[in-house]
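K.L.:
my questions are about this predicted structure, shown below with the sequence.
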Amino acid sequence: MTRRTLKLGAVLLGVGGPGQHATWLNPEIPPDASVDVRWYIARAQEAEAALFDHVFIVDSQFITADSPNHYLSRLEPLTLLSAIAVHTSHIGLVGTITTSYNEPFNVARRLASLDHISGGRAGWNVVTSGDAGTAGNYSRESHFDYATRYGRALEHVRVAQGLWDSYEADAFPRDRGRGEFFDRSRQHTLDHRGEYFSVVGPLNLERSPQGQPVIFQAGDSEEGRDLGASIAEAIFTHAQNLEQAKAFRTELRARAAAKGRDPEHLLIVPGIFPIIADTDEQARAKEAAGRGERSFERALAELGRPFGWHDFSQYDLDAPFPEVGDAGELSFRTQAEAIKTSARENNLTLRQVVQAQLDVFRSPFVGSPRTVADAIQHWFEQGGFDGINIMVNAPSEFARFTEGVLPILRERGVVRSEYESTTLRGNLGLPIPENRHTAARHTADRHQPAQAPADATADATTVATERAPVALVS
Ligand SMILES: Cc1cc2nc3c(=O)[nH]c(=O)nc-3n(C[C@H](O)[C@H](O)[C@H](O)COP(=O)(O)O)c2cc1C
């Protein structure tokens, strides 16, 4: 099988995510970029012009005064993506939605709506919410423990997928001549009764162009990886170095295969922050200058986030990293454990841990366009990733990537030269899931050879045909 081209996502981060303390001061970025729909639409159009697969919206529902600037005031992902949808025509629209504080019926309905509105470009980044404080915004005393969080997540996605099969592709003939609006035999209830959810169905929305929006997932614990291997078609992750990236991809593909899935239907797509200048030296200088723009005090406060916003300012900076008990146990546990382990193994003080956190933003992709293109190609060919999610702040920096790096990769055949499809599934090379009821009927038909031939319009391959996008390009 010929390998796919490298997949490209653009994570739109307005006035700056974690560690990006000075982003909002950049005169190129409107100071209210995180709530300016025009800013997002313009970035999405640039990404589409560069033939990106998708834009990606991260999200959370709990903030403190110490949260990153972009997180303090930002638009709700699916509302935002619906607006972007009508100003673009090919680019995928991936929104982060937590399974911990949503009901599957709402999520299934909103995502299927986005899939209809965009002509088949919706994606769902499934998360369980790292911020433990979110519980207080959803009538709960505390965040779910890990087993509940991920058990709920798996059932949540399965229920949503069941609801997306409520209608078969040919459920709505809308035939005025015959007086047939819809075919009752093609509408199905779900009647789900599980550990966390009871959902009768059917969903009040017909099958969407992709059948099911593409499932992304982010969460790195043992439980998170198991969930990803079960349900994800793409995984959003980190990549510090090639060895670690390869190990992660190999592990997740093996886990998916062990669950009976085709590993080719699971794409690993880490977030990366390329730093590009005319020469390697200039890029290194730019990286150093960027590090200098980060505030130690902000980083000290942000260190609290994976630990459930533990207040680290109370400790002596030059004493050994403090004992914080089970802070983080219900929050970003994997990240908190990694920080604690590194501090213990390397005998680090609190100051050194904060410094190391600032250095975490050191990018493996720094240099001239050719150097960065070489590195990306090398990682891709070595099996470090199937795609990359580029963190986007300043348009001129994004242009350095699209106008400097991408033409080199395009010439080498690493990235596409034109969109293959108008759907996200089509561009990512992912199959359209067959409607379970259609499939069951086909199976039944095969076992009854004497019966009339199956309805041709119910064939799953016809489900896979793409509709013209509804989107308007402005
Ligand atoms: C690369 C990456 C991106 C994530 N993005 C989000 C996000 O946008 N919103 C969110 O609520 N959680 C996000 N998460 C957190 C997960 O929801 C998860 O709850 C958290 O990482 C703790 O689980 P874990 O220990 O399994 O990683 C992200 C996690 C990773 C690894």
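P.N.:
Perfect, thanks for sending it. All values derive from a computational prediction rather than experimental measurement.
K.L.:
point out the residues in the stretch 201-350 of the chain that sit beside the ligand.
P.N.:
218-221, 224, 236-238, 271, 332-334 (Cβ under 6 Å from any ligand atom). No exception for glycine: its C-beta is placed from N, CA and C like everyone else's.
K.L.:
any stretches of this protein with poor pLDDT?
P.N.:
1-3, 360-361, 449-474 (pLDDT under 70).
K.L.:
what about the longest helix in it?
P.N.:
helix 146-164 (DSSP state H).
K.L.:
pull the CA atoms of it into CSV?
P.N.:
Provided in CSV are the C-alpha atoms of helix 146-164 (Å, rounded to 0.1, in the frame of the first residue of the first chain):
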residue,chain,number,x,y,z
TYR,A,146,-9.8,8.0,35.9
ALA,A,147,-11.7,4.7,35.6
THR,A,148,-15.0,6.6,35.5
ARG,A,149,-13.7,9.3,33.2
TYR,A,150,-12.5,6.9,30.6
GLY,A,151,-15.2,4.4,31.0
ARG,A,152,-17.7,7.2,30.5
ALA,A,153,-15.7,8.5,27.5
LEU,A,154,-15.8,5.1,25.7
GLU,A,155,-19.5,4.6,26.3
HIS,A,156,-20.2,8.3,25.3
VAL,A,157,-18.6,7.8,21.9
ARG,A,158,-20.2,4.5,21.3
VAL,A,159,-23.6,6.0,22.1
ALA,A,160,-22.9,9.0,19.8
GLN,A,161,-22.0,6.5,17.0
GLY,A,162,-25.1,4.6,17.6
LEU,A,163,-27.2,7.8,17.3
TRP,A,164,-25.4,8.7,14.1
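K.L.:
any part of that helix near the ligand?
P.N.:
No: Helix 146-164 lies out of reach of the ligand by Cβ under 6 Å from any ligand atom, never closer than 7.0 Å.
K.L.:
farthest pair in the residues of the stretch 201-350 of the chain next to the ligand?
P.N.:
The largest separation in those, counting by Cβ to Cβ, is between G271 and R333 at 19.7 Å.
K.L.:
in the helix or strand F398 falls within, which residues are buried?
P.N.:
Per DSSP states H and E: F398 is located in helix 395-399. Going by neighbour count (16 or more other Cβ atoms under 10 Å), the buried part of helix 395-399 is 395, 397-398.
K.L.:
output the residues you listed in JSON lines, with distance to the ligand appended to each entry.
P.N.:
JSON lines is the format used below for these (distance: Cβ to the nearest ligand atom, whole Å):
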{"residue": "P395", "distance to the ligand": "22"}
{"residue": "E397", "distance to the ligand": "20"}
{"residue": "F398", "distance to the ligand": "20"}
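K.L.:
test my guess that D226 contacts L252.
P.N.:
No: D226 is not in contact with L252 according to Cβ atoms under 8 Å; the separation is 10.0 Å.
K.L.:
neighbour count: the two, which is higher?
P.N.:
Remark: of D226 and L252, L252 carries more neighbours, 22 against 16, as counted by other Cβ atoms under 10 Å.
K.L.:
ramachandran coordinates for Y138?
P.N.:
phi -130, psi 40 (degrees, to the nearest 10).
K.L.:
thinking again about what came up before, so what touches the helix holding F398?
P.N.:
If you take Cβ atoms under 8 Å, 6 or more residues apart in numbering as the criterion, helix 395-399 is touched by 10, 28-29, 42-43, 46-47, 276, 390, 392.
K.L.:
more neighbours: G271 and R333, which one.
P.N.:
Neighbour count, other Cβ under 10 Å: between G271 and R333, R333 has more, with 23 against 19.
K.L.:
check which helix or strand the residue of the stretch 251-400 of the chain found nearest the ligand maps to.
P.N.:
Per Cβ to the nearest ligand atom, T334 is where the stretch 251-400 of the chain lies closest to the ligand, at 3.3 Å. In this structure, T334 sits in helix 333-345 according to DSSP H and E.
K.L.:
ok, A319 - how many residues close by?
P.N.:
For A319, using other Cβ under 10 Å, the count is 10.
K.L.:
quick one: residues contacting it.
P.N.:
349-350.
K.L.:
that one and L348: what is the separation?
P.N.:
Distance of A319 to L348, computed by Cβ to Cβ, to the nearest Å: 11 Å.
K.L.:
next: R370.
P.N.:
On the measure of Cβ to Cβ, R370 and L348 end up 37 Å apart.
K.L.:
ok, now G19?
P.N.:
Taking Cβ to Cβ, one finds G19 at 18 Å from L348.
K.L.:
ramachandran angles for the residue lying closest to A153 once chain neighbours are set aside?
P.N.:
Among residues not flanking A153 along the chain, T99 sits closest, at 4.1 Å (Cβ to Cβ, 6 or more residues apart in numbering). T99 adopts backbone torsions of phi -80, psi -10, taken as degrees, to the nearest 10.
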